[in-house]
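Chemist: This is a predicted model, with the sequence first.
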Amino acid sequence: MHGSCSTTASHILNEILHYRRRFSGSDQDISLENDIVTLTQLPRIQTFISANLPIHFILPAFPAKSPNPNKVLGAVPDMAEKLALTFLNSLCENIKSHYAPGARLTICSDGHVFSDLINVSDATINTYQNKIKALIKDEQLSHLDVLNLGDIEEFAALTDDYDVLRSTLLEGYADPLQDIREHLINDEDGTRLYRAITRFMFEDGLTPDYQGSKTALQRDARQRAYGVIQSSWAWGNLLAQCFPDAIRLSIHPQPTSSLKMGIHMLPTKDDWLTPWHGTAVDVDGTFVLMRKTEAMELNAEPVWVDGNHSHYSLDSRKSAECA
């Protein structure tokens with residue numbers, strides 16, 4: 001039985017490793033990296049199999065669209081989210097072919113966790129999250145469910161005031177900001193994370209109507225990046241308490257020995273780009289994630305669905321002829 005459990009767990013883990021986000025420029029052999037990841041993740045997957053339970057994944061993700069219209073098509077989910085959600089559901093479906101109880105994935109939507117730091121209103125986040133739930137229902141993505149901070153019992157009574165909700169999360173689950181700063185500075189992977197979040201904060205703030213200097217925006221982005229990481233880690237600490245056995249996925253590359261595994265939901269050349277920071281572009285029949293301005297520079301054609309700008313389409317042969 002033990003051998004069978006281990007084999008099944010390996011099949012399940014391999015489904016995920018196929019899409020693992022790595023740090024770009026990593027000089028470590030990918031198979032060696034996967035061996036290290038396996039040491040951590042295989043026993044956790046085996047725990048579910050031994051109990052004959054569905055594998056439970058949690059993924060903090062899908063907070064809200066970037067507020068910068070140069071990066072995204074609007075404030076609501078579009079083809080980028082639809083493709084990402086469909087992929088996550090199919091990943092769970094594939095696991096069912098190896099293991100009858102299958103898998104389920106909880107999207108732990110983190111928009112309200114740091115909305116004050118990403119300059120997106122809580123009302124906009126509520127609209128986005130409701131549409132994510134509607135997408136899951138409409139597309140019959142039966143392996144997925146969504147969890148919001150306000151859905152957790154100890155926070156449920158605080159949803160009338162999201163500022164109180166956030167401060168309660170930080171008071172109960174956050175590490176001091178100074179400790180986080182020191183960790184990020186002294187850890188190579190932490191430094192990469194900090195730089196990536198700072199870049200997102202800077203890009204999101206560089207909207208067409210921004211009037212200030214880039215230097216001031218960069219300084220502000222650095223400060224907010226620390227806050228976003230602190231809030232994200234607090235959310236992660238809360239989720240670890242709520243779901244101690246769950247397999248923890250991440251939208252960011254993770255150290256190989258981490259409890260969390262980074263996962264790609266769509267092909268992209270940027271190891272940090274997500275559906276809510278980018279736009280889906282159909283390139284010769286394959287969807288790729290890129291920033292809206294990149295799609296426009298390639299003269300990609302906008303595609304509209306039900307009156308909404310859904311994604312772009314690009315025929316690389318035509319664009320090559322135009323070049």
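Modeler: Nice, I can see it.

Chemist: can you pull the contacts of residue 109?
Modeler: Neighbouring residues of residue 109 by Cβ atoms under 8 Å, 6 or more residues apart in numbering: 60-63, 129, 132, 146-148. (Each C-beta comes from the backbone N, C-alpha and C, glycine too.)

Chemist: mind giving me TSV with these and columns for neighbour count?
Modeler: Formatted as TSV, those follow (neighbours: other Cβ atoms under 10 Å):
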residue	neighbour count
60	22
61	26
62	25
63	24
129	20
132	24
146	18
147	18
148	21
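
Chemist: okay, those in TSV with distance to residue 165, secondary structure and pLDDT next?
Modeler: What follows is the contacts of residue 109, written out as TSV (distance: Cβ to Cβ, whole Å; DSSP: H, G, I helix; E, B strand; the rest coil; pLDDT from 0 to 100):
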residue	distance to residue 165	secondary structure	pLDDT
60	16	strand	97
61	19	strand	96
62	18	coil	97
63	14	coil	96
129	14	helix	96
132	19	helix	98
146	17	strand	97
147	14	strand	97
148	10	strand	94
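
Chemist: tell me which of those is nearest to residue 304?
Modeler: Nearest to residue 304 out of these is residue 132 (Cβ to Cβ; 20.5 Å).

Chemist: can I assume the closest one is in contact with residue 146?
Modeler: Yes - between residue 132 and residue 146 a contact is recorded at 6.2 Å, counting by Cβ atoms under 8 Å.

Chemist: if I look at the two, which residues touch both of them?
Modeler: Between them, residue 132 and residue 146 share these contacting residues under Cβ under 8 Å, 6+ apart: 62, 107, 109.

Chemist: any idea how the chain splits into domains?
Modeler: When the chain is parsed with automatic domain parsing, its domains come out as 2-277, 278-323.

Chemist: most packed of the ones you listed?
Modeler: domain 2-277 (a mean of 17; mean count of other Cβ atoms under 10 Å).

Chemist: So which residues of the stretch 1-150 of the chain form helices?
Modeler: Listed in chain order, the helices found in the stretch 1-150 of the chain under DSSP state H, counting those that start in this stretch are 2-17, 30-50, 79-96, 111-118, 122-138.

Chemist: Where is the longest helix in the protein?
Modeler: Longest helix in the chain by number of residues, with DSSP state H as the criterion: helix 214-242.

Chemist: other SSEs contacting that one?
Modeler: In terms of contacts (3 or more Cβ pairs under 8 Å, 6 or more residues apart in numbering; DSSP states H and E), helix 214-242 is packed against strand 55-61, helix 111-118, helix 162-173, helix 177-186, helix 188-205, strand 247-250.

Chemist: Which of these sits closest to residue 300?
Modeler: helix 188-205 (19.5 Å).
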